[in-house]
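Novice: A predicted structure for the sequence below; I have some questions about it.
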Amino acid sequence: MSLLPVAEAQARLLALGSRLPEEEVAASACAGRWLTRDIFALRDQPWADLSAMDGYAIKAAEWPGPWRIAIESTAGAALPPPLANGESCRIFTGAPLPPASDAILIQEDAELRDGLLYPRGDVLKAGRHVRATATDFAVNQRLLSAGAALGPAQIALAVLGGHGSLPVGARPRVALVSTGNELVPPGAPTPPGCLPCSNAPMLAAMLGAIGAEVIDIGIIPDDLEALTKALENSAKADIILSTGGASVGDHDLVRPAFAAAGGSLDFWKIRMRPGKPLMAGKLGHSIFLGLPGNPVSAFVTATLFLLPLVRHLAGAADPLPRSAIASLAAPLPATGERDDYLRAFHTADGLVSVTSQDSAATAALAQAECLIVRPAGSPPATAGEQVTILPL
Ligand SMILES: Nc1nc2c(c(=O)[nH]1)N[C@H]1C(S)=C(S)[C@@H](COP(=O)(O)OP(=O)(O)OC[C@H]3O[C@@H](n4cnc5c(N)ncnc54)[C@H](O)[C@@H]3O)O[C@H]1N2
Ligand code: MOO
């Protein structure tokens, strides 16, 4: 079977499912979710011309005064009455300017003598220290588009736009099946031949960070019947995720178990390193993704396939990992027949590869801040060369 290019495999995986139903969620709980509809402003921001400083609202054309302090305007108060000629308004940050005033003399630059206001310093132009009506956004303006990721700034924008809750994609449910006779639960004793199942908590952490709901099915031994049952029992989830048993050995039973459970495989084996044995398909309404068991392979394939799939189902318009450009601190060798995703971190001199690129090297993985993407067949790279990275 020839190896599938990464981009093609990503496209085929995302095509296996579409966005989950939308739900209305309190804005304060929307971080990490994706909008299902365009969001429009229900109000002008600012609602009136507001002062950006504590001081005095004046008419700039009357410079250099002096002015009589006729009224006061504070944040939370309605629009004050208009200023007459020669009048100013005591004003505080966030408060509305009286009609006809157009600049703020900050109080550090003001002097009060005999009940009159005199300016110090440079001439004030109209508009100084004024936040004009609707300059942030105007009522009915589109604030955010369907598919946008909601972070703190987007939530602030929507709330300021008048929204208390937002329509977002439902959180995908992911059933997580860890396979391998050698695995024991985290923290349990490890008799000879055994090791802790680190993939399940690692993947649960990655999934939790983007809002997916994880259903941990637990550790399933390398037994065709047990594994088939575990996959069948997971079929209510939006995504069935397995780790281990994806390769070609006699005890790599995920593929036969998936077939026995009635699943149809869409692809297996990707042109990437690490992560070659990745597979995907459908089992009933669930999308199945089988990650390799090696912890680094599981981490890299989760970054490139699992997280984009979750984002896609949760409503993201742009679900694939974002790339960036950075320069190398040291040369890199030519790549082979697969795209390399090298684990690396940033230094003042540029990117440095972690101490081991072995797909089981978790101590090295824990140093990584990004993946350097090196397409198959790349020539050696020199120090200082710019490369594409995927920040982690
Ligand atoms: N003859 C070949 N052998 C292998 C090939 C191949 O093409 N031909 N591919 C290699 C590649 S590439 C990878 S990646 C691995 C993936 O194999 P599996 O998905 O079948 O993974 P396992 O054999 O079950 O486990 C590999 C390794 O990872 C450890 N592991 C598994 N699950 C966990 C877990 N939940 N937590 C922590 N560690 C885990 C497991 O103990 C093994 O050491 O296959 C190569 N072989
Ligand atoms: O593709 Mo495997 O993940 O290189 O070890």
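Specialist: Good, I have the coordinates. Ligands and ions are numbered 1, 2, ... in the order given.

Novice: For Gln154, list the residues it contacts.
Specialist: Shown here is Gln154, whose contacts under the criterion C-beta atoms under 8 Å, 6 or more residues apart in numbering are 144, 148. The C-beta positions use only the backbone N, C-alpha and C, and glycine is treated the same way.

Novice: so which strand or helix has it?
Specialist: Gln154 belongs to helix 152-160 when elements are defined using DSSP states H and E.

Novice: Once you drop chain neighbours, what's closest to the residue in the stretch 51-200 of the chain that ligand 2 sits nearest to?
Specialist: At 12.5 Å from ligand 2, Asn199 is the closest residue in the stretch 51-200 of the chain, using C-beta to the nearest ligand atom. Counting by C-beta to C-beta, 6 or more residues apart in numbering, Asn199 lies nearest to Thr243, which is 4.3 Å off, once chain neighbours are set aside.

Novice: Residues of the stretch 151-300 of the chain that sit close to ligand 2?
Specialist: 273-276, 292, 294, 297 (C-beta under 6 Å from any ligand atom).

Novice: Could you dump the residues you listed into TSV with secondary structure, pLDDT and neighbour count added?
Specialist: Converted to TSV, those look like this (DSSP: H, G, I helix; E, B strand; the rest coil; pLDDT from 0 to 100; neighbours: other C-beta atoms under 10 Å):
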residue	secondary structure	pLDDT	neighbour count
Arg273	strand	97	20
Pro274	coil	97	24
Gly275	coil	97	29
Lys276	coil	96	19
Pro292	coil	97	27
Asn294	coil	97	23
Ser297	helix	98	26
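
Novice: could those residues be laid out in TSV, adding distance to Ala9?
Specialist: Listed next are these as TSV, based on distance: C-beta to C-beta, whole Å:
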residue	distance to Ala9
Arg273	14
Pro274	14
Gly275	10
Lys276	11
Pro292	14
Asn294	18
Ser297	14
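
Novice: Would you check which of the residues you listed are in contact with ligand 1?
Specialist: Counting by C-beta under 6 Å from any ligand atom, 274, 276, 292, 294, 297 from those sit close to ligand 1.

Novice: Need the max-distance pair from these.
Specialist: Comparing every pair within those by C-beta to C-beta identifies Lys276 and Asn294 as the most remote, at 10.2 Å.

Novice: What lies in contact with the helix or strand containing Arg90?
Specialist: Assignment of secondary structure by DSSP H and E places Arg90 within strand 87-91. Residues external to strand 87-91 that are found in contact with it (C-beta under 8 Å, 6+ apart): 51, 54-58, 65, 67-74, 80, 83, 97-98, 101, 104-105, 117.

Novice: what's the burial count for Arg128?
Specialist: Each residue near Arg128 was counted by other C-beta atoms under 10 Å, and the total is 17.

Novice: if we can go back for a sec, report the buried members of the contacts of strand 87-91.
Specialist: When neighbours are counted using 16 or more other C-beta atoms under 10 Å, the contacts of strand 87-91 contain these buried positions: 51, 54-58, 65, 67, 73, 80, 83, 97-98, 101, 104-105, 117.

Novice: sorry, back to before: correct me, but the residue nearest to Asn199 touches Leu291?
Specialist: Yes - the criterion here is C-beta atoms under 8 Å, and Thr243 meets it with Leu291 at 4.7 Å.
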